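Participant: when you get a sec, could you give me coordinates for this:
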Amino acid sequence: MQEMMQQLGDLFLASLPTLVLFIVLVLAYQFLVQGPLSRVLAERRARTAGAVEEANKAIAAAEAKAADYASRLRQARAEVFRAREQRLQQSAQERDSVLEKARKASVQKVLEARLALEAEAASARNVVLAGADQLAEQVVRAVMPASAGGSR
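Facilitator: Okay, the predicted model is just below:
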């Protein structure tokens with residue numbers, strides 16, 4: 001057992017330089033590789049997160065602009081609709097006024113024509129009445145012989 005302890009001690013002493021070299025290598029790895037690599041990865045993660053955040057902000061801004069454009073488009077359409085309705089109402093009013101003028105003119109023409117017709121009928125009546133006396137005389141002469149008391 002003594003010999004075994006002796007061998008273990010010799011092995012430990014022989015492995016001591018390897019152990020020191022391993023510890024130096026681990027420390028060198030930490031300082032030379034792991035530290036810079038961790039910093040680069042953290043920076044990369046920060047840049048990526050910043051880019052994602054900027055992209056989200058850009059998307060939100062684009063959505064806000066799209067909503068603004070949609071609102072403006074709705075307002076423009078409403079304005080065009082109002083202008084169209086106003087033009088239609090104005091056209092209807094103009095049409096109604098033209099129709100009213102035409103109706104009044106036609107009523108006036110009908111009234112004038114009726115008055116002219118009545119005047120013409122009255123003059124024709126007067127002519128017929130004036131001619132009726134002569135016609136009656138002619139009928140009487142034709143019906144009654146000249147000998148019966150005609151004044152011929």
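Participant: and residue 144, how far from residue 135?
Facilitator: 15 Å (C-beta to C-beta, to the nearest Å). (Each C-beta comes from the backbone N, C-alpha and C, glycine too.)
Participant: cool, residue 35 as well?
Facilitator: Separation of residue 35 from residue 135 (C-beta to C-beta): 144 Å.
Participant: same deal with residue 7?
Facilitator: On the measure of C-beta to C-beta, residue 7 and residue 135 end up 177 Å apart.
Participant: same thing with residue 127?
Facilitator: Separation of residue 127 from residue 135 (C-beta to C-beta): 11 Å.
Participant: over to residue 26?
Facilitator: Using C-beta to C-beta, residue 26 is found at 153 Å from residue 135.
Participant: same check on residue 92?
Facilitator: In terms of C-beta to C-beta, residue 92 sits 60 Å off from residue 135.
Participant: ok, now residue 20?
Facilitator: From residue 20 to residue 135 the distance is 164 Å (C-beta to C-beta).
Participant: over to residue 82?
Facilitator: Relative to residue 135, residue 82 is positioned 76 Å away (C-beta to C-beta).
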